[in-house]
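Visitor: here's a sequence, model it:
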Amino acid sequence: MDLKMGKRSLAEYFILSAVIGFLFFGYFSSAVFAAALRGEVRIYLPREVTVDSNEVNLGEVGIVRGGGSVLSAVSKVLLGRFSVAGQQIVINRLAILSRLASEGISGSEVEFTGAEEVTVKQPHRIISSDKFIKAACDFIKKNPPNKSVCGVKPVGRPMDFVVVSDADQTRLLANYVNRGTGGCESVRVVVYAGGRIVGSREILFELKYKRRRSVSLVDIPAGGIISSENIKIEEVVSDTPEPRGWSPPYGLIAKRRLEAGRVIESSFVVQERSAVVVERRQSVTIRAESTGLVVTAVGEALEKGRVGECIKVRNTDSKRIVLARVKEDGTVEPVL
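Guide: The predicted model follows:
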C-alpha cells in the first residue's frame, strides 16, 4: 500500500514538473519572440543616395534587414516621387515611420541606425545656357544664312536644362526655326538623350553683316549724274545684309541734292532718262500692226516723249486724239 502510494506520488511529481516546465518554457519563448519582434525591422540610412527610378521606395533609400515577408513589405513602401528633373528629396526618420504606420507596421518594431535623414537624388546632367548658345553659334557659323555674316550675338540667355540620363549619351542638335528678317535669326537646339528628344531651347540672335555702300564725295545737285568721280564705295559692318543684286549707282540721276559725305540710298536716285525722241507739235507717223497687216497715218504730237513713254497724238485726217507709245525710230504706236 505504501509502495503504491509512493509510485503514484512519484508519477504525479513528474507530471507536475513537466507541466510547470512547459508553462515556463512557453512563457520564455513568447517573451523572446516579443523581444525579437520589437527589433525585427532594422533600417540603416545613409546621408545621400542616388536612384534611377522616379518612384522612391524604402528599399532603395536605406539598407533594410529583417525576417521573411516583413522585410519584403517594408522594402516596397513608397516614400515619394520625383516630379521634375534634377529634384532632390529629403526624407527623415519620422517620415519613414509615418509611411510604415500607414502600412500597418508599428514604430515599436523598427530600429534605425545611420543618418537622421537621407537626401535622395537621380543621376543627371545639367546643360548650361552657355552650352546651348555655343551649339547654336557653331551651327550658324557652319551654316550662315548669308555669306557676308561676320558677327553673331544672342538676344537673352536660355534657361539651363536638366537631363536625367547618362552624360555620355546626351547630344545637342541645332537648326533654324523661322528664317528671320531685319538681321535676326532664331535657332532651336534640341537635346537628345537615350536616343530620343527630351527637350529643347530656342535662342534669338542678332547678326552682323559685311556690306558695301556708296557715299558722296562732293555736293551733287538734283539731276546730277552719279559717277566714280563724285562718290566712293566703302565696306562697312551692318545690321542688315547687302541687298541682292546690289551694284554701285554709277549712271543714275540724283533725285535731290546730295551733300558731301551723304550715304546714297536707293530712294535718292533714279535711272537716267533717255533723250526726247518726239517734240511737241512735231509731225509723226502713227503705225499700227495686227496679224501681218500694217496701217499707217500721219499725226501731230501734242506732247514731247521719250522712248517707251505714252503721249497724246492727233490724227491729221480724222482729227481724233489717240494715246500712243513712242518707238525708238520716232514713230508712235496706238495703245489700245
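
Visitor: for the rest of this, base every contact and every neighbour count on C-alpha atoms.
Guide: OK.

Visitor: ok, residues contacting the one helix or strand Arg325 maps to?
Guide: Using DSSP states H and E, Arg325 sits within strand 321-326. Under the contact criterion CA atoms under 8 Å, 6 or more residues apart in numbering, strand 321-326 has outside partners 277-278, 305-315, 332-335.

Visitor: buried ones among these?
Guide: 277-278, 305-307, 310-315, 332-334 (16 or more other CA atoms under 10 Å).

Visitor: out of those, list just those in strands.
Guide: With strands taken from DSSP state E, the overlap with those comprises 277-278, 305-306, 310-315, 332-334.

Visitor: what's the most distant pair in these?
Guide: Distance extremes for these: the farthest pair is Arg306 and Asn315 at 19.6 Å, using CA to CA.

Visitor: run through the helices of the stretch 51-200 of the chain in chain order.
Guide: All helices of the stretch 51-200 of the chain, identified by DSSP state H, counting those that start in this stretch, fall at 58-61, 68-75, 93-102, 129-142.

Visitor: Serialize those helices to CSV and add fields for mean neighbour count and distance to Glu48.
Guide: Below are the helices of the stretch 51-200 of the chain laid out as CSV (neighbours: other CA atoms under 10 Å; distance: least, CA to CA, whole Å):
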stretch, mean neighbour count, distance to Glu48
helix 58-61, 21, 8
helix 68-75, 14, 17
helix 93-102, 15, 14
helix 129-142, 18, 28
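
Visitor: can you say which of these is nearest to Gly223?
Guide: Here helix 129-142 is closest among the helices of the stretch 51-200 of the chain (CA to CA), at 43.9 Å.

Visitor: which helices and strands sit right next to that closest one?
Guide: In terms of contacts (3 or more CA pairs under 8 Å, 6 or more residues apart in numbering; DSSP states H and E), helix 129-142 is packed against strand 170-176, strand 184-193, strand 196-216.

Visitor: just name the most buried of those.
Guide: strand 184-193 (a mean of 20; mean count of other CA atoms under 10 Å).

Visitor: what residues are up against Thr170?
Guide: Thr170 sits next to 191-194 when contact means CA under 8 Å, 6+ apart.

Visitor: would you list those residues in a markdown table and tack on distance to Glu229 and pLDDT?
Guide: Putting the contacts of Thr170 into a markdown table (distance: CA to CA, whole Å; pLDDT from 0 to 100) gives the following:
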| residue | distance to Glu229 | pLDDT |
| --- | --- | --- |
| Val191 | 57 | 94 |
| Tyr192 | 59 | 91 |
| Ala193 | 62 | 85 |
| Gly194 | 65 | 78 |
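
Visitor: nearest to Val41, of the residues you listed?
Guide: So of these, ranked by how close each gets to Val41 (CA to CA), first place is Gly194, at 38.5 Å.

Visitor: ok, that closest one - how many residues close by?
Guide: 14 (other CA atoms under 10 Å).

Visitor: how about Lys76?
Guide: Lys76 is flanked by 13 other residues according to other CA under 10 Å.

Visitor: check the one 10 residues further on too.
Guide: Other residues within reach of Gly86, judged by other CA under 10 Å, total 17.

Visitor: quick one: it from Pro123, how far?
Guide: Look at Gly86 and Pro123: by CA to CA, to the nearest Å, they are 8 Å apart.

Visitor: shared neighbours, these two?
Guide: Val164.

Visitor: per-domain residue ranges of the protein.
Guide: Listed domain ranges for the chain are 1-34, 41-123, 131-206, 210-270, 276-334 (source: automatic domain parsing).

Visitor: distance between the ends of the longest one?
Guide: Its first and final residues considered, domain 41-123 spans 29 Å by CA to CA.
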